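Peer 1: Sequence below, structure please.
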Amino acid sequence: MRQLVGWLWGACLLAGCVRPAEGRAQKDLEVGRAEGGGLSVTVEEGLAAVRGLESGALTLWGNAPAFHVRTVATAGAPEWWMLRVRNAMPDAQLVAVAEGTGEPLALEAGPAGVPTEKVWRVRLRPGAGARLTVAPPGWDEARPFRFAALADVQEALPKVGDIYARMNEDPALRFIFFSGDLTERGTQDQLEEFQERLTASRIPLYATLGNHETYSGGDTAYHALVGRGSHHFGFQGVRFTMVDSADGTVDPLVEEQLDTWLEEARGAVHVVGMHIAPLEPVGVRNGSFSSRNEAAGLVGKLARAGVDLTLYGHVHSYYAFSNAGIPAFISGGGGAIPERFDGVGRHYLAVEVDPFAGVKDVALVRVD
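Peer 2: Okay, the predicted model is just below:
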C-alpha cells in the first residue's frame with residue numbers, strides 16, 4: 001500500500017495536479033511592488049524587497065548586486081525622499097534620473113551604520129516618474145571576480161558570525177550566493193535575526209529559500225523580508241540564476257521564467273543555484289528531486305543551455321560531482337546538523353569566475 005501511495009503521488013506530480021510551490025511562484029511576481037505615502041514603487045525583476053514605504057521614506061532589501069527601481073510620485077507627495085538600501089554592495093552608488101527625459105535628479109549620500117547599508121536623499125518630482133539605479137561602479141563591465149557560495153545555516157544561526165569572519169579575511173569576495181535554509185523554521189523572528197547577524201559580513205548575501213523557509217508559513221515572511229525565491233541577475237559579465245526547488249520540484253511558472261533566463265544567458269558564463277539538487281551523488285537524506293524524470297529533464301535543459309556551474313545545498317556536507325557535464329557542488333556547510341562521517345564541518349566555497357574564460361576555480365574553505 002505504501003508503494004502504491006508513493007506511485008500515485010509521483011504520478012500526480014508528473015500530471016501537474018499537485019503544485020506545492022505554486023503559491024511561492026505567484027508571490028515572487030509581487031516582490032518589489034508597493035504603494036504608500038504618495039509614491040508607487042516597482043523594482044524591476046523583483047530584485048529587491050520593499051521593507052518600508054511611508055511619506056518621504058523608502059527602505060529596500062537588495063537581493064542582487066545591481067537593480068533598478070521605477071517610482072511615480074503623486075502631485076501631493078513630498079519632494080525629498082530618504083532611500084535606505086539594506087544588503088547592498090559596499091561600494092554601491094545611486095543614479096537617479098527623470099523618467100522619459102533621463103535628466104539627473106538631485107541627491108546626496110547620508111550616513112549608514114554598516115558597509116552593506118546605503119542611505120541617500122533624493123529629490124523625486126511630485127507628479128512625475130523616476131528611475132533609480134543602485135549598483136557599484138563598473139557592475140556592467142565584463143571582468144573577473146570572486147564570490148562565496150553557502151547554504152544551510154538553520155539552528156546554527158547563533159554562531160554563523162564565525163563564517164562571516166572567515167569570509168571577511170578574503171577582500172576579493174564580492175558577495176555571498178546562498179542556496180537556501182537560512183533558518184530553522186523560516187519564521188519572521190528567525191529571518192530578522194538572520195539579517196541582523198548578517199551585518200557582521202562586509203559583503204551582502206543573495207539567496208533563494210530552502211525547505212526550512214516553507215515551514216510554519218515561513219515563505220510569506222521570506223518574500224516580505226528577503227524577496228523572490230527565483231530570480232536572475234548579472235554582474236561583471238556573468239549571469240546568476242536562483243531557482244526555488246525547496247519542495248524537490250520546480251513549479252511550471254518558475255520553469256517558464258527559467259527558460260527565459262537561460263536564453264538571455266546563452267553564450268555568457270552562467271551560474272545556477274537552488275536548494276535541493278535535481279540529482280545528487282550519494283543518495284542520503286532525500287537530497288534530490290522527488291521525480292527522477294523531472295530531475296533529468298531539468299539537468300538536460302541546463303546542459304543544453306550551456307550552464308557553466310550549478311550550486312546546491314540541503315545535504316549538510318560537501319560533494320563535488322558532475323551533472324550532464326556541468327560541474328556541480330553541494331555545499332551545505334552553514335552549520336546545520338553536519339554529516340559527521342565526512343569530517344568536513346562548516347565551510348563555504350570561494351568561486352573565481354571570468355566572463356571570458358568561464359569558471360576558473362571552486363575552492364573549499366573550511367571554517368572549523
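Peer 1: contacts and neighbour counts: CA atoms only from here.
Peer 2: Noted.
Peer 1: doesn't R84 make contact with G62?
Peer 2: No - shown here, G62 and R84 do not form a contact pair, counting by Cα atoms under 8 Å, at 10.3 Å.
Peer 1: So these two - more neighbours on which side?
Peer 2: G62 (29 against 20; other Cα atoms under 10 Å).
Peer 1: Could you pull out the residues contacting both of G62 and R84?
Peer 2: Listed as contacting both G62 and R84 by Cα atoms under 8 Å, 6 or more residues apart in numbering is no residue at all.
Peer 1: how about the strands in the stretch 1-150 of the chain?
Peer 2: Per DSSP state E, counting those that start in this stretch, the stretch 1-150 of the chain carries strands over the ranges 33-36, 39-43, 48-54, 57-62, 67-73, 80-86, 93-98, 107-110, 117-123, 129-135, 145-150.
Peer 1: I misspoke; the intended subject was the stretch 251-368 of the chain.
Peer 2: Ranges of strands within the stretch 251-368 of the chain are 269-274, 309-312, 318-323, 326-331, 347-354, 358-366, based on DSSP E, counting those that start in this stretch.
Peer 1: can I get the CA coordinates of the fifth one in PDB?
Peer 2: Looking back up the chat, that one is strand 347-354. C-alpha atoms of strand 347-354 as PDB (Å, rounded to 0.1, in the frame of the first residue of the first chain):
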ATOM      1  CA  HIS A 347      32.600  25.500   5.200                       C
ATOM      2  CA  TYR A 348      31.800  27.600   2.200                       C
ATOM      3  CA  LEU A 349      33.000  27.800  -1.400                       C
ATOM      4  CA  ALA A 350      35.200  30.500  -2.900                       C
ATOM      5  CA  VAL A 351      34.400  30.700  -6.600                       C
ATOM      6  CA  GLU A 352      36.500  32.500  -9.200                       C
ATOM      7  CA  VAL A 353      34.800  33.400 -12.400                       C
ATOM      8  CA  ASP A 354      36.000  35.100 -15.600                       C
END
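Peer 1: Is Q188 in contact with A221, as I believe?
Peer 2: Yes - using Cα under 8 Å, Q188 is in contact with A221, at 5.3 Å.
Peer 1: Quick one: the helices in the chain, in order.
Peer 2: With DSSP state H as the criterion, the chain has helices at 2-15, 22-28, 161-168, 188-197, 218-225, 252-264, 292-304.
Peer 1: For P111, which non-adjacent residue is spatially closest?
Peer 2: Spatially, and ignoring its direct neighbours in sequence, P111 is nearest to V119 (6.4 Å; Cα to Cα, 6 or more residues apart in numbering).
Peer 1: check contacts around that neighbour.
Peer 2: So V119 contacts 82-85, 109-112 (Cα under 8 Å, 6+ apart).
Peer 1: Quick check: which ranges of the chain have low pLDDT?
Peer 2: For the chain, applying pLDDT under 70 flags the ranges 1-18, 216-219, 284-285, 340.
Peer 1: Domain map for it?
Peer 2: 28-135, 145-366 (automatic domain parsing).
Peer 1: What's opposite the residue nearest to P111 in the beta bridge?
Peer 2: The partner list for V119 in beta bridges (DSSP bridges) reads R84, G110.
Peer 1: quick one: V85 and K118 touch, right?
Peer 2: Yes - between V85 and K118 there is a contact under Cα under 8 Å: 5.2 Å.
Peer 1: For the closest residue to D28 other than its chain neighbours, give me its contacts.
Peer 2: Leaving aside its chain neighbours, D28 sits nearest to R228 (4.8 Å; criterion: Cα to Cα, 6+ apart). By Cα under 8 Å, 6+ apart, the residues touching R228 are 27-29, 31, 46-47, 49, 208.
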